[in-house]
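In: what's the 3D shape of this:
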Amino acid sequence: MADTYDMIVLGGGTGGYSCALRAADLGMSVALVEKDKVGGTCLHWGCIPTKALLQAAEVAEHAQTAGDYGVKATYDGVDMEAVLSFKQRIVDTNWKGLQGSLKKRGVDTIHGTGHLKDARTLVVQTDEGERTITAEKALVLATGSKPRGLPIEGAEIDGEKVITSDHALFLDRVPQRPIVVGASAVGMEFASVWRAYGAEEVTVVEALPNVVPMEDVDTQKALAKDVKKHGMKLHVGAKMTGVEKGADGIRVTLEGDTQIEGDVLMLATGRGPVTADMGFEDAGANLDRGFVTVDEYCRVGPDGLYAIGDIIPTLGLAHASFAEGFLVAEQVAGHQVVPIDYAGIPKVYYCHPEIGAVGYTEQQVQDMGVEYDKQMFPFSHNGRAMMMKGSGHVKVLAKKDNGRVLGIHIVGPRATDLIAEGQLIYNWEALPTDVAQFIHAHPTLTEAVGEAHLALAGRPLHG
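Out: Numbering: from 1, shown residues only. Modelled structure (predicted):
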């Protein structure tokens, strides 16, 4: 292995490995330094394993409601050992494939912990000892994130009664009275999993006024209504002030002295950047609350130093990291690039019901002072959704008088897949009348996207 490369990438998560792979394709020599397993949070602790658990949850829900469809089936509960085995097979298969891709593309993968000597030099502690490598063109920081805790007495993470999503991935039991603090993607997804697996009572606590607080107001309302309908307890606008651990469980106190009892407390209050004690600031990087400050091209400051993924204050999504990795690799290779429009990146939540969104929320459009029109098409009017017992809606926002589509917000069955069409509509700056010309297959869930645009274009059908 060489000591000098065109590019060095510190961190092998989605941002890091996508950057390394693209740079290698563009003819650069690349070293990828990773202290654990390539694939990072997404592959080993986030996107992939959690969605495997959610897939098992969907099967469990089908088994429990089979009689509604005239299908004779029995539900005997969840075998967590088998579920965890299924989850790990998916992770390991993807991990093996990624390692093969890196090797095939000629990326040197170095297992070790890196520390910046300067903006082009990395000192790596490996099992064989210390090694210094140099980047001639670029050094890319992509060290990822870790779950955040809360500075509340009694809420110290112990991996047993107070856990994070990292611990939840390996729980060998279904908690019967889980309390989830945080109602964004991670919190709502695990709440959905445990509800489907047969937990007696699932409680979600959110300090902000609504569940999925970054999403459109009507998405928030629809999700809250659905999860309450299915027996989940919600406390929104509620801050946790204390935690007591007992032999048989845990007690959480909220502002106003409301108390909740459960058997496990999961903190789903976000992830923090992993940037400390690696020499970033000594190399010229500026840190703000732990995040690396970058410009619109992911440049850090010193020539040739870049940062991508969870350590920069963007969306914190795996697919956003892929785009950032490509952006950096291509500009280092001398290609003309354009900054990423983060509003045009789809946001997806795999809770039940699912959420998919792209563009601006109604709250954001109002804050921008833009005059707009909106339409909502309910899945209750869609034949395919009826067959799936789906709830929710498709909501479209557009500039007033047939201006471009500003946002598409879906809550309901297969929303995470349906938003793909929404991404094309938003990013190609389509007008409602443009989309109204599309012919959607019948009966499909995609018709709901078409019907919302038909209504916005003044040509409603079933709404």
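In: what's near enough to touch the residue lying closest to residue 101 once chain neighbours are set aside?
Out: Excluding its sequence neighbours, the residue lying closest to residue 101 (Cβ to Cβ, 6 or more residues apart in numbering) is residue 21, at 6.5 Å. Every C-beta, even on glycine, is put in place using the N, C-alpha and C of the backbone. Going by Cβ atoms under 8 Å, 6 or more residues apart in numbering, residue 21 touches 101-102, 105, 107, 325.
In: Pull out the CA atoms of the helix or strand containing residue 21 and give them to me as PDB.
Out: Assigned by DSSP states H and E, residue 21 belongs to helix 14-25. Provided in PDB are the C-alpha atoms of helix 14-25 (Å, rounded to 0.1, in the frame of the first residue of the first chain):
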ATOM      1  CA  THR A  14     -22.200   6.400   3.100                       C
ATOM      2  CA  GLY A  15     -20.600   9.800   2.400                       C
ATOM      3  CA  GLY A  16     -17.100   8.500   2.700                       C
ATOM      4  CA  TYR A  17     -17.400   5.300   0.700                       C
ATOM      5  CA  SER A  18     -19.400   7.000  -2.100                       C
ATOM      6  CA  CYS A  19     -16.800   9.700  -2.400                       C
ATOM      7  CA  ALA A  20     -14.000   7.000  -2.500                       C
ATOM      8  CA  LEU A  21     -15.800   4.900  -5.100                       C
ATOM      9  CA  ARG A  22     -16.600   7.800  -7.300                       C
ATOM     10  CA  ALA A  23     -13.000   9.200  -7.100                       C
ATOM     11  CA  ALA A  24     -11.600   5.800  -8.000                       C
ATOM     12  CA  ASP A  25     -13.900   5.700 -11.000                       C
END
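In: Now do the domain split for the chain, please.
Out: Here the domain parsing of the chain from automatic domain parsing is 4-146+272-342, 149-269, 353-456.
In: would CSV of these with mean pLDDT be doable?
Out: As requested, those are exported to CSV (pLDDT from 0 to 100):
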stretch, mean pLDDT
domain 4-146+272-342, 95
domain 149-269, 94
domain 353-456, 96
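In: nearest to residue 462, of those?
Out: domain 353-456 (5.0 Å; Cβ to Cβ).
In: Now render the domains of the chain as TSV, adding distance to residue 463.
Out: Below are the domains of the chain laid out as TSV (distance: least, Cβ to Cβ, whole Å):
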stretch	distance to residue 463
domain 4-146+272-342	26
domain 149-269	15
domain 353-456	5
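In: now the helices: where do they sit in this protein?
Out: Secondary structure of the chain (DSSP state H): helices at 14-25, 40-44, 47-64, 80-104, 165-168, 185-197, 217-229, 318-332, 362-368, 383-387, 415-427, 432-436, 447-456.
In: Verify the stated contact: residue 388 with residue 412.
Out: No: counting by Cβ atoms under 8 Å, residue 388 stays clear of residue 412, with 9.1 Å between them.
In: shared neighbours of the two, which are they?
Out: Common contacts of residue 388 and residue 412 (Cβ under 8 Å, 6+ apart): residue 445.
In: of these two, who's got more company?
Out: Higher neighbour count among residue 388 and residue 412: residue 412, with 27 against 14, using other Cβ atoms under 10 Å.
In: How about the contacts made by the more buried one?
Out: Contacts of residue 412 (Cβ under 8 Å, 6+ apart): 222, 353-354, 379, 385, 390-394, 445, 448.
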